[in-house]
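# Quick check, what structure comes out for this input:
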Amino acid sequence: MRDSLTLTLIHTSATLLATTSLTLTLWTGLEEPGVALAFGVLVAVGELSRWNGTGLRETAPLGAAGALSYALLGADAGEPTHHGVFQVVAVVVAAALVGCVPHIARGRSRTPDHMARRVLTVGFAAVCFQPLYNQGVFRHWGGPAYAVLLLALLSLTALCDAVLAAAVANSRTRWPFGPLLRDELRGMLGIGSAVCATGAVMALAVAVVGLWALPVFSLPLLLTQLSFRRYAAVRDTYRQTIASLARSTEIAGYTPAGHARRVAALCQAVGRDLGLSEPDLTVLEYAALMHDIGQLSLVDPVPAGATAVLPAEEQRRIALLGGAVVRQTGVSPQVAAVVERQADPCREQPLSARIVRAVNAYEEKTRAGGPGGPLQALEELRLGTAGDYAPEVVEALARVLSRDCLTLPSAG
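I've put the predicted structure just below:
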């Protein structure tokens with residue numbers, strides 16, 4: 001209930017601000033219509049080029065930079081502007097809605113969250129700058145002091161956006177807020193810093209040379225966005241390659257179909273519950289996908305691929321062989337280390353290996369336990385926390401499963 005209320009509050013606040021801004025702007029008319037049109041076109045183009053794939057924290061960096069630069073715009077070619085907070089929000093909302101039409105038509109589920117964040121962050125930046133500028137507080141600031149002011153306001157705005165993004169993700173997924181916020185703040189060092197820098201440079205350049213600065217400073221950010229997209233595409237291809245390697249045990253008949261994918265999905269959920277960072281979650285996912293690859297060395301397959309019932313020495317031998325295979329594939333040594341240590345004594349394992357071990361055992365016990373398998377498997381894991389399984393991992397697994405009514409992730 002609390003999570004749904006948080007999301008409702010964010011969407012309601014954004015809707016009220018957008019509606020009020022549009023109504024007042026239509027009632028009073030636009031100040032500097034040419035400037036508003038130029039920034040509106042920039043935001044609309046940025047939203048049209050928004051990427052809906054994975055791998056980017058800010059999916060529309062050009063739209064974000066254009067919106068923030070308009071919120072912090074004080075002058076146009078040396079002439080003071082007079083637009084206020086409501087006009088800034090109204091122009092950004094109208095332009096973003098135009099740019100989002102194709103995404104909405106395709107049923108992009110994250111568009112409302114994206115729009116709510118955009119409205120609230122731009123409104124925050126405009127509230128911090130426009131009233132004071134229109135009162136003449138900043139008009140005599142110049143040089144480095146003015147640039148530092150804009151960067152400071154943009155940093156605060158980026159922090160506000162990170163908090164909103166973490167709150168939305170927490171509401172949608174019920175993952176812990178702290179680790180989500182930490183990952184958002186870490187993401188600010190990438191495309192987020194480029195957005196802030198471009199927004200500040202645009203506002204400063206337009207104040208000196210006019211609107212001609214907008215297309216000039218848009219190009220570098222577009223190239224940066226393209227680079228991030230290519231990086232994300234390479235990472236997705238890498239993940240698909242690892243998933244294909246993990247399927248080799250299924251194709252050879254050593255493990256049941258979908259076992260590796262189910263274990264990987266549940267490991268990620270447990271890792272998030274325990275507060276692992278995004279890089280650690282990636283290592284955990286890859287290790288979980290490849291945790292059974294050492295079974296390919298066995299002459300006779302283990303029945304149903306259930307390694308949890310094997311003697312400890314046999315489990316360690318399979319794990320070491322699996323780690324050796326992973327190292328030969330060129331995958332990160334961190335992934336190989338988790339695979340190698342998944343069968344070590346619990347107290348000696350790193351957290352990722354503890355997670356893989358517990359989740360793999362849960363999946364195997366559930367599969368063998370029939371209709372009552374999930375509850376029975378969880379109870380057996382709890383009984384094994386004295387030596388075989390880490391108590392904190394088993395409790396995190398229980399919390400994840402309770403949110404999903406003790407069901408396994410889909411094998412798809």
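# for the helix or strand harbouring His114, what is the average pLDDT?
Element membership of His114, judged by DSSP states H and E, is helix 111-134. Per-region confidence: helix 111-134 scores 90 on mean pLDDT.
# packing partners for it?
helix 2-28, helix 61-71, helix 85-105, helix 144-173 (3 or more CB pairs under 8 Å, 6 or more residues apart in numbering; DSSP states H and E). Every residue, glycine included, has its C-beta placed from N, CA and C.
# export these to JSON lines and tack on mean pLDDT?
As requested, these are exported to JSON lines (pLDDT from 0 to 100):
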{"stretch": "helix 2-28", "mean pLDDT": "89"}
{"stretch": "helix 61-71", "mean pLDDT": "90"}
{"stretch": "helix 85-105", "mean pLDDT": "88"}
{"stretch": "helix 144-173", "mean pLDDT": "89"}
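# Pick the most deeply packed of those helices.
By mean neighbour count, with neighbours taken as mean count of other CB atoms under 10 Å, helix 61-71 ranks first of those at a mean of 29.
# Restricting to C-alpha, output it in CSV.
C-alpha atoms of helix 61-71 as CSV (Å, rounded to 0.1, in the frame of the first residue of the first chain):
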residue,chain,number,x,y,z
PRO,A,61,19.4,12.9,-22.7
LEU,A,62,18.8,15.6,-25.4
GLY,A,63,15.3,16.2,-24.2
ALA,A,64,16.5,16.4,-20.6
ALA,A,65,19.3,18.8,-21.4
GLY,A,66,17.0,21.0,-23.4
ALA,A,67,14.4,21.1,-20.7
LEU,A,68,16.9,21.9,-18.0
SER,A,69,18.7,24.6,-20.0
TYR,A,70,15.3,26.4,-20.6
ALA,A,71,14.5,26.2,-16.9
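# First-to-last residue distance for stretch 264-281?
By CA to CA, to the nearest Å, the extent of stretch 264-281 from end to end equals 10 Å.
# before we move on, back to that, could you export the helices and strands packed on helix 111-134 as CSV, including distance to Arg316?
Compiled in CSV, the helices and strands packed on helix 111-134 are given as follows (distance: least, CB to CB, whole Å):
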stretch, distance to Arg316
helix 2-28, 41
helix 61-71, 47
helix 85-105, 50
helix 144-173, 35
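# Leu219 is nearest to which of these?
For the helices and strands packed on helix 111-134, proximity to Leu219 was assessed by CB to CB; helix 61-71 is nearest, at 9.7 Å.
# could you check the angle helix 61-71 makes with the helix or strand bottoming out on mean pLDDT in the chain?
Within the chain, no helix or strand scores below helix 213-246, which has a mean of 81 by mean pLDDT, DSSP states H and E. For helix 213-246 against helix 61-71, the angle by axes from the mean of the first three to the mean of the last three CA atoms, to 10 degrees is 150 degrees.
# same for helix 213-246, what does it pack against?
Helices and strands touching helix 213-246, by 3+ CB pairs under 8 Å, 6+ apart, are helix 33-48, helix 61-71, helix 193-209, helix 259-273, helix 278-289.
# Of those, flag the one that's most buried.
helix 61-71 (a mean of 29).
# Could I get the average pLDDT for stretch 394-402?
The average pLDDT within stretch 394-402 is 88.
# Check what contacts that stretch and list those residues.
Outside stretch 394-402, the residues that touch it by CB atoms under 8 Å, 6 or more residues apart in numbering are 266, 269-270, 273-274, 358-359, 362, 374, 378, 381-382, 385, 407.
# likewise stretch 167-180?
For stretch 167-180, contacts defined as CB under 8 Å, 6+ apart pick out 3-4, 6-7, 10, 113, 116-117, 165-166, 272-273, 275-277, 403.
# go on, stretch 320-336?
Contact with stretch 320-336 is made by 242, 245, 283, 286-287, 290-297, 337, 339-341, as judged by CB under 8 Å, 6+ apart.
# what's the closest non-adjacent residue to Ala308?
In space, and not counting its chain neighbours, Ala308 is closest to Ala361: 4.2 Å by CB to CB, 6 or more residues apart in numbering.
# Tell me who's in contact with the one you found.
Contacts of Ala361 by CB under 8 Å, 6+ apart are 308, 377, 381, 384, 388-389.
# rerun at 7 Å
308, 381, 389 (CB atoms under 7 Å, 6 or more residues apart in numbering).
# For the helix or strand harbouring the second one, name the packing helices and strands.
Under DSSP H and E, the secondary-structure element containing Leu381 is helix 373-383. If you count contacts as 3 or more CB pairs under 7 Å, 6 or more residues apart in numbering; DSSP states H and E, helix 373-383 packs onto helix 351-368, helix 391-403.
# now those helices in CSV, with distance to Ser171?
Converted to CSV, the helices and strands packed on helix 373-383 look like this (distance: least, CB to CB, whole Å):
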stretch, distance to Ser171
helix 351-368, 25
helix 391-403, 13
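# Please identify the most buried of the ones you listed.
Ranked by mean neighbour count, the helices and strands packed on helix 373-383 are led by helix 351-368 with a mean of 24 (mean count of other CB under 10 Å).
# ok and it relative to helix 278-289, angle-wise?
Between helix 351-368 and helix 278-289, the angle comes out at 40 degrees (the same axes, to 10 degrees).
# In contact with the nearest residue to Cys267 once chain neighbours are set aside, which residues?
Spatial nearest neighbour of Cys267, chain neighbours left out: Ala288 (4.1 Å); criterion: CB to CB, 6+ apart. By CB under 7 Å, 6+ apart, the contact list for Ala288 reads 263-264, 267, 356.
# which of the residues you listed lies closest to His103?
Relative to His103, the closest of the contacts of Ala288 is Ala264; by CB to CB it sits at 29.1 Å.
# follow-up on the earlier one: what's the most distant pair in the contacts of stretch 394-402?
The span of the contacts of stretch 394-402, defined through CB to CB, is set by Thr385 and Thr407 at 22.4 Å.
# what sits against the residue nearest to Glu380 when sequence neighbours are not counted?
Leaving aside its sequence neighbours, Glu380 sits nearest to Lys365 (CB to CB, 6+ apart; 5.8 Å). Counting by CB under 7 Å, 6+ apart, Lys365 touches 373, 377, 380.
# which one of those residues has the most neighbours?
Within the contacts of Lys365, most neighbours by other CB atoms under 10 Å means Ala377, with 24 neighbours.
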